[in-house]
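here's a sequence, model it:
(one chain, ligands or ions: 1)
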Amino acid sequence: MFVSVVLLVLMLCAHGGRGEDDVKKQSRGHVSVVIVGGTGDLARKYLWQGFFQLYLNHVSMGNTFSFYAGGQSPPDKATPIFFDIVKAVSCTKDVPEQRCAVLKEQFLRLAQYRQLKTPEDYQDLSKHIERQAQEEGLTEAGRLFYLSVPAFAYADVANKIHTGCRPAAGGAWLRVVLEKPFGHDLRSAQVLAAQLGNSLQEEEMYRIDHYLGKQVVSKILPFRVENRKFLDPIWNKQHIERIEIVMKETLDVKGRIPFYDQYGVIRDVIQNHLTEVLTLLMMKLPANLSDSEEILQNKLHVFSSLLPLGKNQAVMGQYQAYQAEVQQELNKTKDHVSLTPTFAAVLAHTEAAQYEGVPVLLLAGKMLDQRVGYARVLFKNDVFCVQDQHNLHCKPKQIIFYFGHGNLQYPAVLVTKNLFKPSVMEGKWKEVTEQADILVVGLPASHYYILTPKVQQEAYAELISHIFTGHKNTFISTENLLASWGFWTPLLQSLAGSFPRIYPGGADNGDLLDVCLKGKEIGFTSEAVIISPDHIGGASAASFQTMQGKFRNGTMVSAWAEELVECLAADIQEAAEAAVLQGGVFHLALSGGATPIALFQRLALHHFSFPWRNTHIWMVDERCVPLSDSESNFFNLQRHLLQHVHVPYLNIHPMLVQVGQRLCVEDDHAVQMYQEEITNHVNASSFHFVLLGVGHDGHTASLFPGGDATDSQEGLVVLSESPVKPHRRMSLTLGAINRAQKVAVLVLGKSKHELITQLSRSKDRPDKWPVTGVRPSEGSLVWYIDYDALLG
Ligand code: BG6
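Residues are numbered from 1 along each chain as shown. Reported below is the predicted structural model:
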């Protein structure tokens, strides 16, 4: 049965903007609220509570309501679910318990579930609303549809509302609320806007950006107006050092990947939430704060004066576990690589004379060290205090619009005391004195004047009340939306295909995501990491279109050089992780020469995922030159790998080819010393992983054809002679190599094709082809041969 509770009408709207008086008049009477997707997640978490709040605010003030949850499921299935959700709504603290129970009861009686699937369902709902209003003798004020459904369904639902469920009563309004995403880029936003435009008038659409409902965000303009006398002289390029708009989150995006992976952090929060904040900070103040049209025009002006963003004005990151989450939630195989950024920092500038040259940093990310959001306007401070560095005059001058969370935990506007004492706004805000020595954006709280709302209000509840009062300032108009996409789309296009920097997540990110502003460009402060697909995927051989087969006595992996090296690096990491898990340590012996350099560079990219702290690095061979000589194998290893990763110094074992001024002199016993070092550290002198190359003459390590060294199966280390300079070498023996648990031979390049062909046919002849003596007694041997070497 249709039940409505008639309440005295008194509209909340206190804003006298253009057209809003009309809206106020129209709002008296009966209002039908329909949440399409009314049993979904958003409805469950925020919307029903927001509408209950709206209802509470109007108790004993006016208006009659009915609430409908619309969904695809039939009523017998969905109704119990719906009532479980609605029962969970709660009153604010100031409502006594008994009163709250009565209000909840009334609210529940006003609410019902309806299947809203077909055009007929919408028509039936419309008839139902009209019939019941007639029966109750009510005048229809309007219908509010909240579309809590995926964006692809918007056009269809809007059309069904338009054709089947518009209020017939003259003067009754229709408001349709939409949640982001509003498109993916400029083009798709235009298409969606055009489709919606076929069914809805601009004034009927309420696009939600919940940041505009945050109390601090909605106070940016009033704050600027109320403190005009202080701000007018300093709110400009002469005084503002820079503006930062920051949204750090600690959560990951598990459970939201199907959405998130298509959008990423720029589309998810920067294009909308942070950009809206930017416009509020930088727009010309309107003459009338309630004039939606003037505010819109001023916002559009900000967009048109923003300078286009180039690729070098953004950096991106992705938290390490993201790949696995994507593979799992999207049912992808291990070789699926997503480049979606979960962190981004963007540096914007405007050509508006007032702010020309002022850097505007927009930064947001998931899995960061702290949850906090704020906009900071940092002013220039040219005071230098010689003696008392703690004097407030020497400190940064800044205004912080603190959205919430973080150290302060509550929303606030903070002004450093070396700027001015702000006026307390609107009577709904109060000044607080925070004595505790907590840091707020770099300064102790006691350095600020702090203003906070007297009563904290959830953004959705705030926005729902704005929808009800037809207060359009806090919603995104079509022009605003397209202007924003127009600004962001070229950057998104230029970043497509770029690799984000991988970060571990949480406090472990350390300085990895720190950025620095270099003129008009932005970069990470630490340059060490370049991200590649292997790093992102942590992938194994199967991931890179590699081919597996047999070569001589071992397994063969083949691919194009780059993929092959990625694959080998991933395999080394896998071996390292297994060894560390088992014994806490990983012993890796690396060859010299040119071929492994690509691998060293690749391994350097594994700079935080690889267990470097538990890894010992050994040399397979060395040239008898000083270690600082560019011919030295160690020199190249240091240059291309060791300087980029955190291997403890004591775990690095160069071959001691130089003793005093002498190079590889037998009397110096360097061979014995290295041998002892191996015996002392490496269990059974069995390295976990030995990386070899092979020369055109079939030599491997520094074991050359015809040399005595190839005979030596007993010792672990020998001095040897190379036919090419520098002739003197030190090398692991075949005996040492063959004790290893895993041996990899890396062969790259067309010039090795002939050799590979020969090797594929020749028998084991270590004297002629030393590499054929590589036959690990218990371990495995894998040949990594690129297509050029394999196929010529
Ligand atoms: C949403 C984004 O719009 O805003 C989420 O889709 C993000 O990814 C959320 O977590 C943050 O909102 P708030 O209010 O928690 O700062």
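
the ligand contacts on the chain?
Taking CB under 6 Å from any ligand atom as the contact definition, the chain meets the ligand at 249, 268-269, 373. Glycine gets a C-beta too; all of them are placed from N, C-alpha and C.

neighbours of Glu562, how many?
Around Glu562 sit 16 other residues, with neighbours defined as other CB atoms under 10 Å.

secondary structure element for it?
helix 561-583 (DSSP states H and E).

return the set of buried residues in that helix.
Within helix 561-583, the residues that count as buried by 16 or more other CB atoms under 10 Å are 561-577, 579-580.

tell me the contacts of the residue of the stretch 151-300 of the chain found nearest the ligand?
Residue of the stretch 151-300 of the chain nearest the ligand, by CB to the nearest ligand atom: Asp268 (4.7 Å). Neighbouring residues of Asp268 by CB atoms under 8 Å, 6 or more residues apart in numbering: Tyr260.

ok, Ile400 next?
Ile400 is in contact with 374-377, 412-415, 440-441, 448, counting by CB under 8 Å, 6+ apart.

could you confirm it falls within a strand?
Yes. According to DSSP: H, G, I helix; E, B strand; the rest coil, Ile400 belongs to a strand.

excluding residues flanking it in the chain, which one is nearest it?
Leu414 (4.3 Å; CB to CB, 6 or more residues apart in numbering).

I'd like to know how far the one you found sits from the ligand.
To the ligand, Leu414 is 18 Å away according to CB to the nearest ligand atom, to the nearest Å.

ok, Leu512 touching Gly506?
No. The pair formed by Leu512 and Gly506 falls short of the contact definition of CB atoms under 8 Å, at 11.4 Å.

ok, the spatially most central residue of the chain to Leu517 distance?
With distances taken as CA atoms, centre = their mean, Thr342 lies nearest the centre of the chain, 1.3 Å away. Thr342 is 22 Å from Leu517, where distance means CB to CB, to the nearest Å.

helix/strand/coil for the residue of the stretch 301-450 of the chain found nearest the ligand?
Closest to the ligand within the stretch 301-450 of the chain is Gly373: 5.4 Å, counting by CB to the nearest ligand atom. Three-state assignment for Gly373 (three-state DSSP): strand.

same check on Leu419?
Per three-state DSSP, the local secondary structure of Leu419 is coil.

burial measure for it, as a count.
Leu419: 19 neighbours (other CB under 10 Å).

spit out the contact partners of it.
Taking CB under 8 Å, 6+ apart, we find Leu419 in contact with 230, 234, 379, 397-399.

how about 6 Å then?
Residues in contact with Leu419 (CB atoms under 6 Å, 6 or more residues apart in numbering) are Lys397.

circling back: for the residues of the chain next to the ligand, give me JSON lines that also has pLDDT and distance to Leu599.
Putting the residues of the chain next to the ligand into JSON lines (pLDDT from 0 to 100; distance: CB to CB, whole Å) gives the following:
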{"residue": "Glu249", "pLDDT": "97", "distance to Leu599": "36"}
{"residue": "Asp268", "pLDDT": "96", "distance to Leu599": "37"}
{"residue": "Val269", "pLDDT": "97", "distance to Leu599": "38"}
{"residue": "Gly373", "pLDDT": "97", "distance to Leu599": "43"}
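
where along the stretch 451-600 of the chain do the strands fall?
Secondary structure of the stretch 451-600 of the chain (DSSP state E, counting those that start in this stretch): strands located at 501-503, 515-518, 521-524, 547-551, 554-559, 586-590.

any idea which of those is most buried?
The highest average neighbour count among these, using mean count of other CB atoms under 10 Å, belongs to strand 586-590 at a mean of 25.

what pairs with that strand, and is each one parallel or antiparallel?
Applying DSSP bridges, strand 586-590 is found paired with strand 615-619 (parallel), strand 689-693 (parallel).

separation between Ile737 and Phe223?
Counting by CB to CB, the gap from Ile737 to Phe223 is 72 Å.

show me the domain layout of this structure.
2-179, 213-458+479-506, 563-791 (automatic domain parsing).

mean confidence for the last one?
The reference is to domain 563-791. Average pLDDT, domain 563-791: 91.

now do the shortest one
Averaging pLDDT along domain 2-179 gives 84.

which parts of the stretch 201-350 of the chain are helices?
Assigned by DSSP state H, counting those that start in this stretch, the helices in the stretch 201-350 of the chain fall at 220-226, 228-231, 257-265, 275-282, 292-305, 322-329.

meant to ask about the stretch 601-750 of the chain
633-640, 670-681, 734-738.

run through the residues that contact Leu790.
Residues counted as contacts of Leu790 (CB under 6 Å, 6+ apart) are Ser558.

how much space separates it from the ligand?
Leu790 sits 47 Å away from the ligand, going by CB to the nearest ligand atom.

state whether that residue is indeed within a strand.
No. The assignment for Leu790, made by three-state DSSP, is helix rather than a strand.

ok, it to Ala570 distance?
Taking CB to CB, one finds Leu790 at 20 Å from Ala570.

rewinding a little: of the contacts of Ile400, closest to Glu120?
Ala375 (48.1 Å; CB to CB).

pretty sure that closest one sits against Tyr402.
No. With contacts counted by CB atoms under 6 Å, Ala375 stays clear of Tyr402, the gap being 8.5 Å.

re the thing from before, in which helix or strand would I find the closest residue to the residue of the stretch 301-450 of the chain closest to the ligand other than its chain neighbours?
Leaving aside its chain neighbours, Gly373 sits nearest to Phe403 (3.8 Å; criterion: CB to CB, 6+ apart). Per DSSP H and E, Phe403 falls inside strand 397-405.

CA atoms of that strand as PDB?
Extracted C-alpha coordinates of strand 397-405, given in PDB (Å, rounded to 0.1, in the frame of the first residue of the first chain):
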ATOM      1  CA  LYS A 397      53.600  30.300   4.800                       C
ATOM      2  CA  GLN A 398      50.700  28.200   3.600                       C
ATOM      3  CA  ILE A 399      47.000  27.600   3.500                       C
ATOM      4  CA  ILE A 400      45.800  24.100   3.700                       C
ATOM      5  CA  PHE A 401      42.400  22.800   2.700                       C
ATOM      6  CA  TYR A 402      42.600  19.500   4.500                       C
ATOM      7  CA  PHE A 403      39.900  17.100   3.200                       C
ATOM      8  CA  GLY A 404      40.400  14.700   6.100                       C
ATOM      9  CA  HIS A 405      42.200  11.600   7.400                       C
END
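
what's the following helix or strand after that strand?
With DSSP H and E, the next secondary element past strand 397-405 is strand 412-416.

against Pro500, how distant is Leu491?
Applying CB to CB to Leu491 and Pro500 gives a distance of 14 Å.

please apply the same query to Tyr784.
Using CB to CB, Tyr784 is found at 27 Å from Pro500.

now do Glu574
In terms of CB to CB, Glu574 sits 23 Å off from Pro500.

which residues does the nearest residue to His162 once chain neighbours are set aside contact?
Leaving out its chain neighbours, the residue that sits closest to His162 by CB to CB, 6+ apart is Ser199, at 3.6 Å. Going by CB under 6 Å, 6+ apart, Ser199 touches 158-159, 162.
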